[in-house]
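S.K.: Fold the following, please.
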Amino acid sequence: MTELSLRTRESFDAVMRKYADMVYRLAYSRTGSTFDADDILQEVFLRYIRADKTYNDEEHRKSWLIRITINCTRSFAASAWNRHRDFSEPDPNEGAEDPAIKAAETKSDVMDALLELPEMYRTAIYLFYYEDMSVAQIAKAVKTSETNVKTRLSRGRDMLKEKLKGVEFDV
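M.R.: All right, here's what the predicted structure looks like:
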């Protein structure tokens with residue numbers, strides 16, 4: 001693997017290839033919509049280019065992208081356009097062409113249950129299990145204490161267990 005520059009403009013294509021899936025999956029896990037996740041992905045990388053920052057290391061860049069993705073999903077959820085959308089009829093093609101979502105659909109019961117969790121639990125569980133982040137990394141990314149992240153993970157797991165009662169999985 002090639003060494004990535006820590007300057008924004010010098011390595012945009014490589015950073016996009018490396019982190020686009022992560023940003024997209026996080027945006028999808030927070031919005032539940034492939035179309036909204038696409039919009040957020042574009043916004044995150046637009047902000048990345050505009051920031052033109054120098055990062056201390058790759059972990060700093062990854063944390064920055066996660067933080068911006070979370071901020072963008074919050075802004076999106078609070079937008080007037082999103083508040084007035086009609087969510088009554090889901091799009092039958094939602095996620096059909098996206099390989100990242102197809103992989104997630106193999107465990108659709110879990111993903112559906114995860115999407116039903118409140119945002120703070122959903123984010124902690126997603127970052128811990130899907131992005132393999134440590135409690136300390138999650139705490140830094142969402143700007144909270146490690147104890148709070150542990151609490152969110154525990155409560156989120158309990159909520160998932162409750163939602164998934166009676167669902168049988170192939171083991």
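
S.K.: Return the per-residue confidence for the spatially most central residue of the chain.
M.R.: When the chain is reduced to its mean C-alpha position, the closest residue under CA atoms, centre = their mean turns out to be residue 26, at 1.1 Å. The model reports residue 26 with a pLDDT of 88.

S.K.: For it, give me its contacts.
M.R.: Going by CB atoms under 8 Å, 6 or more residues apart in numbering, residue 26 touches 66, 69, 70, 73, 123, 126, 127, 131. Backbone N, C-alpha and C define where each C-beta goes, glycine included.

S.K.: switch to 10 Å and redo it
M.R.: Neighbour list for residue 26: 37, 40-41, 44, 65-66, 69-70, 72-73, 123, 126-127, 130-131, 141 [criterion: CB atoms under 10 Å, 6 or more residues apart in numbering].

S.K.: and it, what helix or strand is that in?
M.R.: Taking DSSP states H and E as the criterion, residue 26 maps to helix 12-31.

S.K.: Now that helix: buried residues?
M.R.: 15, 18-19, 22-31 (16 or more other CB atoms under 10 Å).

S.K.: Redo these as TSV? Include distance to residue 53.
M.R.: Output for these, formatted as TSV (distance: CB to CB, whole Å):
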residue	distance to residue 53
15	11
18	16
19	14
22	18
23	16
24	21
25	23
26	20
27	21
28	25
29	25
30	23
31	26
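
S.K.: Out of the residues you listed, the closest to residue 160 would be?
M.R.: Checking those against residue 160 with CB to CB, the nearest one is residue 29 at 13.0 Å.

S.K.: separation between the closest one and residue 45?
M.R.: As judged by CB to CB, to the nearest Å, residue 29 and residue 45 stand 18 Å apart.

S.K.: Same check on residue 133?
M.R.: If you go by CB to CB, the gap between residue 133 and residue 45 works out to 20 Å.

S.K.: So between these two, which is more surrounded?
M.R.: Between residue 133 and residue 45, residue 133 has the larger neighbour count (other CB atoms under 10 Å), namely 21 against 18.
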